[in-house]
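Chemist: what's the 3D shape of this:
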Amino acid sequence: MHFDRACHPDAPHEKLHTPNWFVSSLMLDRALDAVLRRVKKLDRSHDIPYLAGYSMDGKTIYIDRHLPTSFKYRGRTIDVDRFLIMHEEVEKTLIDQLDLHYLHAHQIATRAEEAAVRAERISWRAYDRFMQKYVKTVGDERLKKVPKDLDLKPYRDYHDWDLMQRMEKAVGAGKLSPAPKALRTEIAAYNSAFNEQRRDAARNRKPARAKKPARTRR
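Modeler: Residues are numbered from 1 along each chain as shown. This next block holds a predicted model:
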């Protein structure tokens, strides 16, 4: 296997004398490194709904403080931060730069994350099973320390009414520390919009009243 011919940035393109999986792994690994170099700050000191997120300005990637940094897979120690960072960076960029809806950006970011995991010869099922054990979602009492500048757009676009309402209640009870005015205002605004949407949806679901037959002259 001629690994010295696996990369040729200045030479004319020719068929590489390496297996396809090696080229794919090599290129994805370099792409992942390029994404990681863009990250200004990684924060692992907060509670993050659904494990990871980002600040409103995109300069900080948040990973839940209770998620271990690695797991064992077939005798190997797998670092997970790099895959989560890739997901969040891709998602945030697609939302901010291309104005994609969160659900669309999330799907693309998940595919990129999965490709990066598989390129490292790691089972996606094993990776996802590890992640699911630490997900904090609705009703989770471990959501006590949410960052003040966490971008809430994904939760809003995902229509996670319950989570946003719980966050608002936690702020009011002083359970989210710190809970600056900006975060309180943003959560309240989202919940107000949620309530308005739900009222509109409820009105649209009500069957139209049958009209009384018009009186006719005999």
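Chemist: lowest confidence element among the helices and strands of this protein?
Modeler: Lowest on mean pLDDT, DSSP states H and E among the helices and strands of the chain sits helix 181-205, with a mean of 61.
Chemist: now stretch 110-129: average pLDDT?
Modeler: Mean pLDDT, stretch 110-129: 93.
Chemist: buried set for that stretch?
Modeler: Ala112, Glu113, Ala116, Val117, Arg118, Ala119, Glu120, Ile122, Tyr127 (16 or more other CB atoms under 10 Å). C-betas here are computed from N, CA, C, even on glycine.
Chemist: with just CA atoms, put stretch 29-49 into CSV.
Modeler: Provided in CSV are the C-alpha atoms of stretch 29-49 (Å, rounded to 0.1, in the frame of the first residue of the first chain):
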residue,chain,number,x,y,z
ASP,A,29,-10.3,13.7,9.3
ARG,A,30,-8.7,16.8,7.6
ALA,A,31,-12.1,18.4,7.2
LEU,A,32,-12.9,17.8,10.8
ASP,A,33,-9.5,19.3,11.9
ALA,A,34,-10.3,22.4,9.8
VAL,A,35,-13.7,22.8,11.5
LEU,A,36,-12.1,22.3,15.0
ARG,A,37,-9.6,25.1,14.2
ARG,A,38,-12.5,27.5,13.7
VAL,A,39,-13.8,27.0,17.2
LYS,A,40,-13.1,30.0,19.4
LYS,A,41,-14.1,28.5,22.7
LEU,A,42,-15.3,25.1,24.0
ASP,A,43,-17.3,25.2,27.2
ARG,A,44,-18.0,22.0,29.2
SER,A,45,-19.2,23.6,32.4
HIS,A,46,-22.9,23.9,31.8
ASP,A,47,-26.1,21.8,31.4
ILE,A,48,-27.1,21.7,27.8
PRO,A,49,-30.5,20.3,26.5
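Chemist: which residues touch that stretch?
Modeler: 59-67, 69, 81-83, 85-86, 89-90, 116, 119-120, 136-137, 142-147, 150, 155, 160, 163 (CB atoms under 8 Å, 6 or more residues apart in numbering).
Chemist: among these, which ones are in helices?
Modeler: Judged by DSSP state H, helices contain the following of the contacts of stretch 29-49: Asp81, Arg82, Phe83, Ile85, Met86, Glu89, Val90, Ala116, Ala119, Tyr155, Leu163.
Chemist: need the pLDDT of the fifth one.
Modeler: pLDDT for Met86: 92.
Chemist: just the first one next, same as before
Modeler: At Asp81, the predicted lDDT confidence score is 94.
Chemist: how many neighbouring residues does it have?
Modeler: 17 (other CB atoms under 10 Å).
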